[in-house]
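1. next one to model:
(one chain, ligands or ions: 1)
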Amino acid sequence: MLELKNVSFAYHKKPVLDTISLRLERGGHLAIMGESGSGKSTLLKAIYGLLELKHGEVHWNGHQVLGPNFTLIPGEKYMKYVSQDFELMPFTTVGENISAHLSAFNLEKHDQRVAELLQVIEMEDMGEVKVKNLSGGQKQRVALARALAQEPEILLLDEPFSNIDQFKKNKLRHRLFPYLREKNITVVTATHDPDDVLSFADEVLILKDGEALVQEATTQLYHNPKLPYVAGLFGRVNHLPIKLLKDYAKTEHQVLAYPHELRLAKKSGFKVVVKDCFFKGSHYLIEGIREDSGPIFFNHDEPLEIGRLVYLNIALHIINKRLNLVG
Ligand SMILES: Nc1ncnc2c1ncn2[C@@H]1O[C@H](COP(=O)(O)OP(=O)(O)OP(=O)(O)O)[C@@H](O)[C@H]1O
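-> Next up, the predicted model:
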């Protein structure tokens with residue numbers, strides 16, 4: 001189990017991580033989400049032992065991960081960290097970059113393992129290519145394979161697909177994350193991208209200004225975001241005044257609703273005027289306006305005429321569960 005106990009860290013005197021505690025079971029996958037500058041990369045570095053913590057401790061299976069003041073070469077053998085800087089050997093081939101990190105065992109197995117890892121990163125045909133001739137996305141994939149070469153027990157990934165195009169990214173996620181689960185490798189992924197999280201992470205830790213706001217199971221967090229900040233990390237979200245939904249309501253509460261949770265109705269619900277319409281492939285995202293609230297975004301199968309008055313509805317069970325959460 002990975003365990004952080006009250007971890008705090010400051011760059012010079014600037015606090016960046018504020019008493020963070022977390023627990024993650026062996027083989028689990030935790031995503032760390034938060035806006036830019038919230039401390040995601042710093043938290044990964046703290047877990048890896050690259051930083052001298054101000055307070056707190058990091059443990060893996062009861063063994064304390066020590067910082068740079070205690071180790072000559074930071075980083076523990078059982079843990080690998082794939083940073084955003086890749087750190088590859090540019091003048092050697094992809095295969096050599098991977099095999100340099102394999103433990104010494106027989107050559108046949110060595111080649112087999114390189115081939116297996118090239119398959120995981122979908123670069124089967126590129127083993128002989130020099131790293132300096134690769135694109136940024138390809139280098140990122142080689143850095144992943146290199147980290148896996150040493151069969152770590154725990155893998156720390158910092159924005160692992162940020163340089164990779166959408167098409168490859170999807171294929172790679174669907175290959176890499178099941179592979180890690182099959183190998184029982186514990187994963188901590190720092191990311192902005194909800195697609196890295198929703199289908200693959202068991203739990204999510206939300207960071208804001210270096211503070212852990214919540215750690216919860218992914219589906220629970222998505223369906224019951226306790227704060228607008230949390231819901232906003234998964235995409236666009238509406239803050240609807242409760243009075244809009246229940247005109248007899250006596251509170252100033254707001255209800256968070258994702259665009260797909262609002263439905264066009266014939267004559268019931270609340271009115272908005274269509275302001276804009278964005279094609280999203282599988283649907284249209286419609287921007288509606290009202291005088292008494294900010295813009296309201298909802299999904300619809302077809303485009304809607306600008307200026308048209310429409311009624312919107314939201315299921316009662318969604319209103320009720322969100323009402324308890326947002327003040
Ligand atoms: N080497 C450093 N020296 C001083 N301050 C730093 C250093 N690295 C990061 N910071 C600061 O620490 C804070 C957290 O940075 P961090 O890179 O952890 O954020 P992040 O959530 O990973 O951001 P992003 O999503 O943009 O990568 C930021 O305010 C950043 O400016």
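2. SS state for L304?
-> coil (DSSP: H, G, I helix; E, B strand; the rest coil).
3. ok, the residue lying closest to it once chain neighbours are set aside to the ligand distance?
-> Nearest non-adjacent residue to L304, counting by Cβ to Cβ, 6 or more residues apart in numbering: V274, 4.7 Å away. Glycine gets a C-beta too; all of them are placed from N, C-alpha and C. Per Cβ to the nearest ligand atom, to the nearest Å, V274 is found 34 Å from the ligand.
4. strands paired with the helix or strand harbouring V274, and their directions?
-> Using DSSP states H and E, V274 falls within strand 270-279. Strand pairing for strand 270-279, determined by DSSP bridges: strand 284-290 (antiparallel), strand 309-314 (antiparallel).
5. Serialize the ones you listed to TSV and add fields for distance to the ligand and mean neighbour count.
-> Listed next are the strands paired with strand 270-279 as TSV, based on distance: least, Cβ to the nearest ligand atom, whole Å; neighbours: other Cβ atoms under 10 Å:
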stretch	distance to the ligand	mean neighbour count
strand 284-290	25	18
strand 309-314	32	17
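6. and the stretch 101-250 of the chain, which residues reach the ligand?
-> Within reach of the ligand by Cβ under 6 Å from any ligand atom, the stretch 101-250 of the chain has these residues: A190, H192.
7. now the strands for the stretch 101-250 of the chain?
-> In the stretch 101-250 of the chain, strands defined by DSSP state E, counting those that start in this stretch lie at 154-158, 186-190, 203-208, 211-217, 238-241, listed in chain order.
8. hey, least reliable of the ones you listed by pLDDT?
-> Looking at these, the lowest mean pLDDT belongs to strand 238-241 (a mean of 87).
9. who does that one pair up with?
-> strand 254-257 (antiparallel).
10. got the buried residues for the very next helix or strand once past the strand it pairs with?
-> Next in sequence after strand 254-257, counting helices and strands by DSSP H and E, comes strand 262-265. Buried residues in strand 262-265, counted by 16 or more other Cβ atoms under 10 Å: L262, L264.
11. what's the average pLDDT for strand 262-265?
-> In the prediction, strand 262-265 has an average pLDDT of 93.
12. can you list the strands that that strand pairs with?
-> strand 309-314 (antiparallel).
13. how near is the residue nearest the centre of the chain to V197?
-> Centroid-nearest residue in the chain, with Cα atoms, centre = their mean: T191, separated by 3.5 Å. To V197, T191 is 6 Å away according to Cβ to Cβ, to the nearest Å.
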